[in-house]
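# I'll drop the sequence and a predicted model, then ask my questions.
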Amino acid sequence: MVSRTIPVDDFDLILFGATGDLAKRKIIPSLYRRFLAGQMPEGARVIGAARSELDDEAFRKEVREAIAEFVSKPKRKPEVIDAFCERCSYIAVDAMGDAGWKELHDSVRDEVCKAFYFSVAPGIFGPLAKKLREHGIACENSRLVVEKPFGTDLETARKLNAELAASFDEHQIYRIDHFLGKETVQNLMAVRFANVLFEPLWNERYIDHVQITVAETVGVAGRGSYYDKSGAMRDMVQNHLMQLLCLTAMEPPNRYDADMLRDEKLKVIRALDPLPLSDVVRGQYKEGDGHPSYREEAENEDSLTESFIALKVGISNWRWKHTPFYLRTGKRMSRRVSEIVIQFKETPHSIFERDNGSQANALTIRLQPDEGIDMSVTIKEPGPGGMRLINVPLDMTFADALDGGDEIPDAYERLIMDVIRGNQTLFMRGDEVEAAWAWTDPIIEAWTEKRDRPHGYAPGTSGPEEALMLMHRDNRRWRDLDI
Ligand SMILES: NC(=O)C1=CN([C@@H]2O[C@H](COP(=O)(O)OP(=O)(O)OC[C@H]3O[C@@H](n4cnc5c(N)ncnc54)[C@H](OP(=O)(O)O)[C@@H]3O)[C@@H](O)[C@H]2O)C=CC1
Ligand SMILES: O=C1O[C@H](COP(=O)(O)O)[C@@H](O)[C@H](O)[C@H]1O
């Protein structure tokens, strides 16, 4: 299979926070890889912006370092890196002050797409949008890319939406949720809506339950001060897991169109049942496996913040009324796994002997590692041993389907190019983000008020025992992380 790269139109990408961690680890390497793939035309430019007093050469040195560290070796081609650096320049701009704005104004072009990427602290998003308007830099061709977190609750998200709306229209605002840029997430929509096979079964009549897991092996070292104020519910559930749930549960939109798709996702969020505390299990990792405890890493010995959370979520609509969605995510778990498992029901009646080895079908959508989709089906065990049944996977690993096992593009590559193309489909709309906070806020308030202490769990496991009970009590079990 040959992947097609269609060049985008000329653009100026103004990267605020160009000297920061995210720019270095994700944004600059992604831009480089798109340049290497031939997607950036002659007239595409990257303008780094931050307070540090750098000149173009000093910034290009940082660009080279980012590529050296975060781009795979086969893709590091010296002549391409030189050419990419030629496209990069730098302006020292203070988002909260007056320095650099005139120079920025004079440098950007009005006639091409101007994408302002806000890779700065969330407290600066609002003021930065205002400065762009006050200095006459924003125009109809402008787009804002806003990083996460988008607020910390409904009130702050509303305030931020209002601040951005004072300077930009909704069609110019691209709220990043990098999970939406992952190849498999888009494939979930392809599988659901481009095949006749699944949609008739995609409802409470045939699906017993859905499991969404985002398990990480890393802890919070280095990000403790942010994470301890956030926790897994705000950091992962309100955005990433919520988006996965929406794409799994939503009705088919009429077209693959940004607003039609986001309308459908919004309907799902609004149909979520309020969460009782009894359907939530929070955990915090202990010391072990050669790692310090969460509290040590977060440098807060009394912390009540969850580094793990598991939830049972109900959706009150015709499609899903009796099909629960179980969500779990955590740090320092046994394996890095992100997947959605659609667990189908048993056949209504079995013509085979009891205990014959058959299992209900499951469709697994793997986001990472080994992006792909597999469907477990029951067949007869080969051989003369009678009618014994076994379960086998029908496996579609995407890397195998790509020519020579090519690297699957990083989510940021796809999303940044979508910004330039003006395609908001894989970005969150303001009302969606607010609806998600409106659902998570009451439960966060409930446990904060009770000062509930999360259950401890050993690092390198699948979380606290209590999370297993969340499913056991419904006669169900989580998929084993370690297979
Ligand atoms: N790092 C990550 O893994 C992730 C980060 N994010 C989000 O991305 C954003 C950036 O995070 P991260 O890169 O880690 O943060 P860093 O603290 O590493 O970088 C912040 C950047 O902002 C610049 N900056 C700070 N103040 C100003 C100002 N007044 N005017 C202009 N520039 C300023 C800094 O440069 P200087 O000091 O020179 O001004 C620096 O380039 C945040 O919103 C974060 O939540 C989201 C997901 C993951
Ligand atoms: O947004 C975030 O996502 C990462 C996980 O993303 P992945 O693409 O590496 O799976 C998570 O580690 C981080 O805490 C969170 O802020």
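Thanks, I have it. Only a predicted model underlies this, so the values are computations on that prediction, with no experimental measurement involved. Ligands and ions are numbered 1, 2, ... in the order given.
# contacts, neighbours, all on C-alpha from now
Fine.
# quickly find the element holding residue 214.
strand 207-215 (DSSP states H and E).
# residue 363: neighbour count?
Close neighbours of residue 363, defined as other Cα atoms under 10 Å, add up to 20.
# show me what the mean pLDDT comes to for the strand or helix carrying residue 188.
Per DSSP H and E: residue 188 is located in helix 183-193. Regarding helix 183-193, the rounded mean pLDDT is 91.
# please save the CA atoms from it in CSV.
C-alpha atoms of helix 183-193 as CSV (Å, rounded to 0.1, in the frame of the first residue of the first chain):
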residue,chain,number,x,y,z
GLU,A,183,-4.5,6.6,13.4
THR,A,184,-6.7,3.9,15.1
VAL,A,185,-9.1,6.5,16.4
GLN,A,186,-9.9,7.6,12.9
ASN,A,187,-10.1,4.0,11.9
LEU,A,188,-12.8,3.4,14.5
MET,A,189,-15.0,5.7,12.4
ALA,A,190,-13.9,3.9,9.2
VAL,A,191,-14.7,0.5,10.7
ARG,A,192,-18.1,1.6,12.0
PHE,A,193,-19.3,3.7,9.1
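# which helices and strands does that helix pack with?
Secondary-structure packing of helix 183-193 (3 or more Cα pairs under 8 Å, 6 or more residues apart in numbering; DSSP states H and E): helix 242-249, strand 362-368.
# quick one: the longest one to chain centroid distance?
Think helix 242-249. Taking Cα atoms, centre = their mean, to the nearest Å, the mean C-alpha location of helix 242-249 is offset from the chain mean by 11 Å.
# what's in contact with that helix?
Contacts with helix 242-249, where a contact means Cα atoms under 8 Å, 6 or more residues apart in numbering, come from 179-180, 185, 188-189, 212, 265-266, 268-269, 320, 325, 340, 436.
# need the residues that contact the next helix or strand along the chain from it.
Next along the chain after helix 242-249, taking DSSP H and E as the criterion, comes helix 258-271. Contact partners of helix 258-271, identified using Cα under 8 Å, 6+ apart, comprise 243, 246-247, 249-255, 315-317, 423-426, 428-429, 431-432, 435-436, 439.
# again, only this time at 7 Å
Helix 258-271 has contacts (Cα atoms under 7 Å, 6 or more residues apart in numbering) with 246-247, 249-251, 253-254, 315-317, 424-425, 429, 432, 435-436.
# okay if I get the contacts of helix 242-249 as TSV plus distance to ligand 1 and neighbour count?
Output for the contacts of helix 242-249, formatted as TSV (distance: Cα to the nearest ligand atom, whole Å; neighbours: other Cα atoms under 10 Å):
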residue	distance to ligand 1	neighbour count
179	11	21
180	13	22
185	18	25
188	23	20
189	24	16
212	20	26
265	22	26
266	23	22
268	25	23
269	23	24
320	32	21
325	25	21
340	22	25
436	18	21
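# where in this protein is pLDDT low?
Within the chain, the stretches with pLDDT under 70 are 1-4, 398-407.
# how about the residues of it that lie near ligand 1?
Proximity of the chain to ligand 1 (Cα under 6 Å from any ligand atom) is limited to residues 16-23, 50-52, 93-96, 119-122, 147-149.
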